[in-house]
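# Okay, predicted coordinates and the sequence, questions at the end:
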There are 2 protein chains.
Amino acid sequence: MTLSEQIMADLAGEIASGAWPPGHRIPFEHELMVRYGCARATVGKAVNALAERGLLERRRKAGTFVAAPRIASAVLQIPDIRAEVEARGLSWRWRRLGLGMRRPDPKGRAASLGVNGPLLEVRGVHVAGGAPFAHETRLINLAEAPTAADESFTTEAPGAWLLAHAPWSEARHEISAANPDLDIAEALRVPTRHACLVLERWTWRAGAGITYARQVFPGENFTLAASFAP
Amino acid sequence: MTLSEQIMADLAGEIASGAWPPGHRIPFEHELMVRYGCARATVGKAVNALAERGLLERRRKAGTFVAAPRIASAVLQIPDIRAEVEARGLSWRWRRLGLGMRRPDPKGRAASLGVNGPLLEVRGVHVAGGAPFAHETRLINLAEAPTAADESFTTEAPGAWLLAHAPWSEARHEISAANPDLDIAEALRVPTRHACLVLERWTWRAGAGITYARQVFPGENFTLAASFAP
DNA sequence: TAGTGGTCTAGACCACAGC
DNA sequence: CTGTGGTCTAGACCACTAG
């Protein structure tokens, strides 16, 4: 435990315990540096780290204050389906259902990728312990990942292949609930009235769209977790 | 734009453009400090900030490397239902459906709050432009928020009241999909076969459970967004 | 063992918001 | 104005680890 980590932990402790309620002005940097017998940069590192986490608010000339808790954002755990399945002690495999070329649909969900050229479409099911776990529809921009056209994706899921062959630098996710279409419901072996969690993902590299994925989980199969621990 | 921000932007640009692919070793701190004519602490600040974001990976003696993109986590926007509704130009109001006391159920969803004492239960509907938007079930730990017992929550939603009267310091969220129970389906005026997005939230302060909330959105009403922009 | 990042020091100057 | 935080400097020593 370094000194700045110790200072950070001490300050966080005062806040978590309620000794310093929201709005409370914490000691000035100069006071803390006397208290800990260290340089100003060291206390500054600790205080700034807590401010970046949203636990403190810094105002010039006024001081540093305990922030009011806000429910603005949280860190969402994005699942890797294979790892998720195997972590439960189940076998995982990918079963391809379809493969084909698509022209970009300007009204479709993948339109925001901003791709005009041809897209490779892969559809399939993630199978966990012999039972369908999730359905995936995947569109791949062949301009950015041309060798994808040589892949069959019969046993390898397109996500893992893409991560190795066309790394991305920017991603967007949307989470929603929907009743599955008939073909997806059949692939998942659930009725169409069965609530499903839908996770959509768009990824880019240097502004160019790489891939769009739509993963459909039967409601009881899967829960996304997010935490906010200031 | 400070110098360390400039350095950070330059490094991020090299990565986003693909000039520095994953695995590439970026210049040593000493080289960067010569290139920018600044102190090592300044380049260190920039490089460490990118490493904290997961864009770079630092290894002693070996150097600093461009990290392979991982879909491990993303920043999730947690909705404030009232703000969400009003941002769409719709009127918002809260309609309370029920109020009562509950003993903690050791098998229930709220058990992980770790509360043994009495809980206040509030149920109600968020109404957007006259139509049901979301159903909320709320449990409040009266030991931590005793004045909640004096509130009726007929027009004020419990979430806003709690934020003002019992600030929290730690939160956990779970997102899932489910078919609504009959009473919730009736309150939302959808059939029970209608897929709904379920957002659950647990909050604590100094380790003591404050509240549990379960919000149910008809599937077409609501989408959660998460972004990952290294 | 040599060289990297990790951490810290003891200053400095500045912008800016309170008083 | 005053004093806070924001940023930076030019060093230092240390821990770790890759070669």
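Perfect, thanks for sending it.
# Within range of DNA strand C, give me the residues from chain A.
Residues of chain A lying close to DNA strand C (CB under 7 Å from any atom of the strand) are A:2-5, A:37-42, A:45, A:59-62. Bear in mind the C-beta positions are built from the backbone N, C-alpha and C, glycine included.
# can you rerun that using 6 Å?
By the rule CB under 6 Å from any atom of the strand, the part of chain A lying against DNA strand C is A:2-4, A:38-42, A:45, A:59-62.
# Where in chain A is the helix or strand with the lowest mean pLDDT?
strand A:73-77 (a mean of 77; mean pLDDT, DSSP states H and E).
# Now the helix or strand just after that one: buried residues?
Note on strand A:73-77: by DSSP states H and E, the next helix or strand toward the C-terminus is helix A:81-87. For helix A:81-87, a neighbour-count test (16 or more other CB atoms under 10 Å in any protein chain shown) marks A:81-82, A:84-85 as buried.
# and those residues, which two are the farthest apart?
The most widely separated members of these, counting by CB to CB, are A:82 and A:84 (7.1 Å).
# what about residue A:155, distance to DNA strand C?
Separation of residue A:155 from DNA strand C (CB to the nearest atom of the strand, to the nearest Å) stands at 39 Å.
# quick one on the thing from earlier: mind saving the C-alpha coords of the least confident helix or strand of chain A as PDB?
Only the C-alpha atoms of strand A:73-77 are listed here, as PDB (Å, rounded to 0.1, in the frame of the first residue of the first chain):
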ATOM      1  CA  SER A  73     -23.600   6.000 -14.600                       C
ATOM      2  CA  ALA A  74     -22.200   2.600 -13.600                       C
ATOM      3  CA  VAL A  75     -19.700   0.200 -14.900                       C
ATOM      4  CA  LEU A  76     -21.500  -2.500 -16.900                       C
ATOM      5  CA  GLN A  77     -20.000  -6.000 -17.200                       C
END
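# what residues does it touch?
Strand A:73-77 has contacts (CB atoms under 8 Å, 6 or more residues apart in numbering or on different chains) with A:173, A:224-228, B:72-78, B:171, B:173, B:226.
# Output the set of residues of chain A in proximity to DNA strand D.
So chain A meets DNA strand D at A:28-30, A:41, A:44, A:48, A:58, A:60-61, A:63-64 (CB under 6 Å from any atom of the strand).
# Could you identify the buried members of the residues you listed?
Using 16+ other CB under 10 Å as the burial test, the residues of chain A next to DNA strand D include A:29, A:44, A:58, A:64 as buried.
# Just the ones in strands from those residues, please.
Within these, residues falling in strands by DSSP state E are A:58, A:64.
# Which segments of chain A make up each domain?
What automatic domain parsing lists as the domains of chain A is A:3-66, A:71-225.
# Which strand or helix spans the residue lying farthest from the centre of chain A?
Going by CA atoms, centre = their mean, the residue of chain A most distant from its centre is residue A:34, 41.5 Å out. Taking DSSP H and E as the criterion, residue A:34 maps to helix A:29-36.
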